[in-house]
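Engineer: 3D, please:
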Amino acid sequence: MLKIREILLGKALDPFQSETRHSLALVAFLAWVGLGADGLSSSAYGPEESFRALGPHTHLGLYLALATAVTVFIIALAYNQVIELFPTGGGGYRVATKLVGPYLGLVSGVALILDYVLTIAISVASGVDALASLLPLGFQDYKLWAEAFFIAVLIMLNLRGLKEAIRFLLPVFLGFVATHLVLIVYGIFVHVDYLPALVPTTLSDTGNLAQQIGWTGVASMLLLAYSQGGGTYTGLEAVSNNVNMLAEPRVRTGKMTMLYMALSLAFTAGGIFLLYLLWDARHVDGETLNATTFRMIIDSMGSGSQWLNDMLLAVVLAFEAGLLFVAANTGFLGGPAVLSNMAADSWVPHKFRYLSTRLVTQNGILVMGIAALAILFWTQGSVTLLIVLYSISVFLTFAISLFGLCRYWWRHRRQLAHWKRRFVLSLLGFAICASILSVLLVEKMFAGGWATAFIIAGMSALCIYIRNHYRATKDAIRSVDQIFSSQPFGANMEAILPDPARQTAVFIVGTSRGGGLHALLWVQRMFPDHFKNFIFVNARTVDSHAYGGEGAVEQMRAEANATLRFFVDFCRSHGMASSSYLGFGTDAVQEVTKLCHDISRRYPNAIFFTSKLIFEQDNWFIRLLHNQAALAIQRRLHFDGLQMVILPMKV
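Structural biologist: The predicted structure follows:
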């Protein structure tokens, strides 16, 4: 079983190896590929949704091209401030929590999780649509299963590890950039003679339209189309959410990555709008608007061979689909990171912080993939519906984050010299994002918007319940600590070393000193004068926060040693022989089991003890929120012939 796991996911990585953090961290270029692909790939569906929303009034597309490029840079520059203020990552969730409040932070975090799930779903659906543009209409019936297959492949790649997934998809990303750059430049150059007349013609057509429906009608049409293509701007927040994954210096790397993203997205999305206008693009059944436009451009190149033209189009669309799959990968990078941050604040189960043997947040990756599959099957892979869900969740996060930045700069206006420029930029970004969100909620509430609102509200309520449970549990454990904190130390000051030949009680302890003393006193009460040695074992989980932060592992080691030293000193002060063992790993159960085997070889007369929280009202959901480590360790030790007793600790 372990051999099969290694073949599929790769060999385990050592979190304490000095090269490991360096090998997993992303430089700006790789971050552009792994995180920026989400934004760049949106040019495959965002401009099309905006352009189609204009109906017959396609001349308005010129305004959308300009508005798109400007909006990209405004949002990118505003999120550079997030990178500066929050260099350890967290993005929209951290910004909202720290600058606005925990409950708006929760809403922002839930919206971000949904955003990343929809990133996976819409990117894969759009990628399959691009490939389906090359195939007969009969293939449309099989698109959903093809999408499910690609998500399964991405899950496997990400379970193997972050950087491997990016390197595997790097050639596809570069292929997209090269082919689309050539097509956009050539497509505009061929119509260069028409460009001087484009602006006057657009203004004239706009004036004629305004005479028919009024300037309010024109503005409403533009605003709706602009909002409908809100998916174009998604992905720009990915860098700020994942600064902790970047190479040092993180802030500089993050800003460089953001610059790459903004330039590439503004050029590509704006250029595609111009291509639609210049080539008079029209919808064709079974094809994306990009496919139709690119086909016309390639056919005009005069290769003289239809077969060659078809092959060139196939290459272009294959790279487009490939980039969309790279973008889907962003959901597997960003989503688990947000879940991990929320787990640290107890909004979601703590197990979302745990790393696998490949040092990835495995639980988060699996949840994101399964949720994306569920939404794909629910929506039947409809990009039009997915983009509504997607845009609402994204711009909710954008609006909350930028509102938080506005509050921050205003509150610190007396301490910061350049606060005005940053405040105005944040305010402008907030106004844009809030406007898009409002239009989408009003216009698309009954076209899928209600589902986004329902999901975010439902997930937020569940998170509040989870946090209340963890808070109550923490309070109960704290009360236990307070009760046992009054236990007096003895007068003995000499170190008493354990004798391996004597009866030994081994206590598996955690961070709670009260829990450890609870187990120790219970054993002494049940087996008076039986045990002569008292050994304390602690295995700390190297999770995403401990591993991602500089110096966090050393701090965790110091805290663990202090806790173990407390137990050892307590026993020795009462004349009891005592010592401790400390281990670190991505799987606490596995690490504890390994330590217990080492101890049993040194102390053959050892019996193992630990405490387990017992809740008055227990159910499957409560068990899901706690790792059940005690039962897992007991099962493994019993299977190996070692004795272990679990002592109940009621909370």
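Engineer: show the average pLDDT along the biggest helix by length in the chain.
Structural biologist: Secondary structure of the chain per DSSP state H: the longest helix is helix 306-344. Mean pLDDT, helix 306-344: 84.
Engineer: report the distance from it to the chain centre.
Structural biologist: Relative to its chain's centre, helix 306-344 lies at 15 Å (Cα atoms, centre = their mean, to the nearest Å).
Engineer: buried set for it?
Structural biologist: By 16 or more other Cβ atoms under 10 Å, the buried positions in helix 306-344 come out as 309, 312-313, 316-344. Placement of C-beta: from N, CA and C, glycine included.
Engineer: tell me the secondary structure at the closest residue to residue 277 other than its chain neighbours.
Structural biologist: Excluding its sequence neighbours, the residue lying closest to residue 277 (Cβ to Cβ, 6 or more residues apart in numbering) is residue 61, at 5.0 Å. Secondary structure, DSSP: H, G, I helix; E, B strand; the rest coil: residue 61 is helix.
Engineer: distance of residue 61 relative to residue 278?
Structural biologist: Going from residue 61 to residue 278 by Cβ to Cβ, to the nearest Å gives 10 Å.
Engineer: between the two, who's got more neighbours?
Structural biologist: residue 61 (25 against 19; other Cβ atoms under 10 Å).
Engineer: and the more buried one, how far is that from residue 293?
Structural biologist: To residue 293, residue 61 is 12 Å away according to Cβ to Cβ.
Engineer: find residues that contact each of these two.
Structural biologist: Residues touching both residue 61 and residue 293 by Cβ atoms under 8 Å, 6 or more residues apart in numbering: residue 276.
Engineer: residue 301: which element?
Structural biologist: Per DSSP states H and E: residue 301 is located in neither a helix nor a strand.
Engineer: OK, contacts around it?
Structural biologist: Contacts of residue 301 by Cβ under 8 Å, 6+ apart are 186, 309.
Engineer: try 7 Å this time
Structural biologist: Contact analysis of residue 301 by Cβ atoms under 7 Å, 6 or more residues apart in numbering lists nothing.
Engineer: roughly how far does it sit from residue 268?
Structural biologist: Plainly put, residue 301 is 20 Å away from residue 268 if you go by Cβ to Cβ.
Engineer: ok, now residue 386?
Structural biologist: Distance from residue 386 to residue 268, by Cβ to Cβ: 20 Å.
Engineer: how about residue 151?
Structural biologist: Residue 151 is 25 Å from residue 268, by Cβ to Cβ.
Engineer: kindly report the same for residue 423.
Structural biologist: 30 Å.
Engineer: swap in residue 524?
Structural biologist: Following Cβ to Cβ, the distance that separates residue 524 from residue 268 is 71 Å.
Engineer: then residue 188?
Structural biologist: As judged by Cβ to Cβ, residue 188 and residue 268 stand 12 Å apart.
Engineer: so those two - more neighbours on which side?
Structural biologist: Higher neighbour count among residue 188 and residue 268: residue 268, with 25 against 17, using other Cβ under 10 Å.
Engineer: can you name the residues that contact the more buried one?
Structural biologist: 40, 43, 180, 184.
Engineer: one more: residue 345?
Structural biologist: Applying Cβ under 7 Å, 6+ apart, we find residue 345 in contact with no residue.
Engineer: now it. Its backbone dihedrals?
Structural biologist: phi -100, psi 10 (degrees, to the nearest 10).
Engineer: do the same with residue 575
Structural biologist: Here is the backbone geometry of residue 575 (degrees, to the nearest 10): phi 80, psi 20.
Engineer: can you tell me the closest non-neighbouring residue to it?
Structural biologist: Residue 575 sits nearest to residue 492 (Cβ to Cβ, 6+ apart), 5.0 Å away.
Engineer: now do the SS call for that neighbour.
Structural biologist: Three-state assignment for residue 492 (three-state DSSP): coil.
Engineer: can I assume it is in contact with residue 573?
Structural biologist: Yes - at 5.3 Å, residue 492 counts as touching residue 573 under the criterion of Cβ atoms under 7 Å.
Engineer: neighbour-wise, which of those two wins?
Structural biologist: residue 573 (17 against 13).
Engineer: separation between that one and residue 493?
Structural biologist: 7 Å.
Engineer: next one: residue 329
Structural biologist: Distance from residue 329 to residue 493, counting by Cβ to Cβ: 59 Å.
Engineer: same question for residue 223.
Structural biologist: Relative to residue 493, residue 223 is positioned 77 Å away (Cβ to Cβ).
Engineer: which of these two has more neighbours?
Structural biologist: The neighbour comparison of residue 223 against residue 493 (other Cβ under 10 Å) goes to residue 223, with 16 against 9.
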